[in-house]
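In: Predicted model, plus sequence, below.
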Amino acid sequence: MNNLILIGAIGKNNELGCNNKLIWYIPEDLKFFKDNTINHTIVMGYNTFLSLPKLLSGRKHIVLTRKNIKLPSEVLVFHDKESVLNYVKNNNEQVYVIGGESIYKQFIDYSDRMILTEIEDSFNNADTFFPKFNLNEWNKEILSEHEYNKLYYKHVLYKRKK
């Protein structure tokens, strides 16, 4: 699907997080995330939703969970991947998958684009990882390169080869 985009920040070993928190705090990358996802729908798992400080302004939230939970009325809750895919297919808008690990795994095969912040660092205690993917199936374009507190990272756009 060309309107389903995975977005995230990963370390050298595809690390995403630890104890339901981001590993690296990079203000400029958080702004990059906001700039890409603002005015769009974001899809996440329940734990990722819980990790947010609040509802992210200017975005429609979808939580995919098997749990029978009560969330704020502004949040759409789906209980299976197919319901999310139908939503994406029937809405002519960009939808960003923002995590966590199991949500990325469920949607990576349906996405034609990924926007990854690739951080030149590793974290041994990570407990959440971005799924491994075959680089030969994707065209890679480096959008920008940065440094923050001696931490080097780049924003990379991956487009699935046709």
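Out: Good, I have the coordinates. Residues are numbered from 1 along each chain as shown.
In: Quick one: neighbours of Asn136, just the number.
Out: 6 (other C-beta atoms under 10 Å). C-beta: built from backbone N, CA, C; applies to glycine.
In: repeat for the one 4 residues further on
Out: Other residues within reach of Lys140 by the criterion other C-beta under 10 Å amount to 12.
In: Can you say which helix or strand has it in it?
Out: Here Lys140 is covered by strand 138-148, with elements defined by DSSP states H and E.
In: I'd like the distance between the residue nearest the centre of the chain and Asn149.
Out: Geometric centre of the chain, nearest residue: Ile98, 2.4 Å, by C-alpha atoms, centre = their mean. For Ile98, the distance to Asn149 equals 24 Å [C-beta to C-beta, to the nearest Å].
In: Same check on Ile69?
Out: Ile69 is 37 Å from Asn149, by C-beta to C-beta.
In: who's more crowded, those two?
Out: Neighbours were counted for Ile69 and for Asn149 using other C-beta under 10 Å; Ile69 has more, 11 against 7.
In: secondary structure element for that one?
Out: Here Ile69 sits in a region with no helix or strand, counting by DSSP H and E.
In: can you pull the contacts of it?
Out: 46, 77 (C-beta atoms under 8 Å, 6 or more residues apart in numbering).
In: What score does Met1 have for pLDDT?
Out: In this model, Met1 is scored at 81, pLDDT.
In: pretty sure it is touching Val88, no?
Out: Yes: with contact defined as C-beta atoms under 8 Å, Met1 reaches Val88; the gap is 5.8 Å.
In: ok, back up a step: what helices or strands is the strand holding Lys140 leaning on?
Out: The contact analysis (3 or more C-beta pairs under 8 Å, 6 or more residues apart in numbering; DSSP states H and E) places strand 138-148 against helix 27-37, strand 151-160.
In: Can you give the strand pairings for that strand, parallel or anti for each?
Out: Paired with strand 138-148 in the same sheet, following DSSP bridges, are strand 151-160 (antiparallel).
In: What residues of the partner strand count as buried?
Out: Buried residues in strand 151-160, counted by 16 or more other C-beta atoms under 10 Å: 153, 155-156, 158.
In: Report the residue spans of this protein with pLDDT below the cut-off.
Out: Residues of the chain meeting the criterion pLDDT under 70: none.
In: those strands in it, which residues are they?
Out: Ranges of strands within the chain are 4-10, 15-18, 21-22, 41-45, 60-64, 75-78, 95-99, 113-119, 128-129, 138-148, 151-160, based on DSSP state E.
In: Which of those sits closest to Glu28?
Out: strand 138-148 (6.1 Å; C-beta to C-beta).
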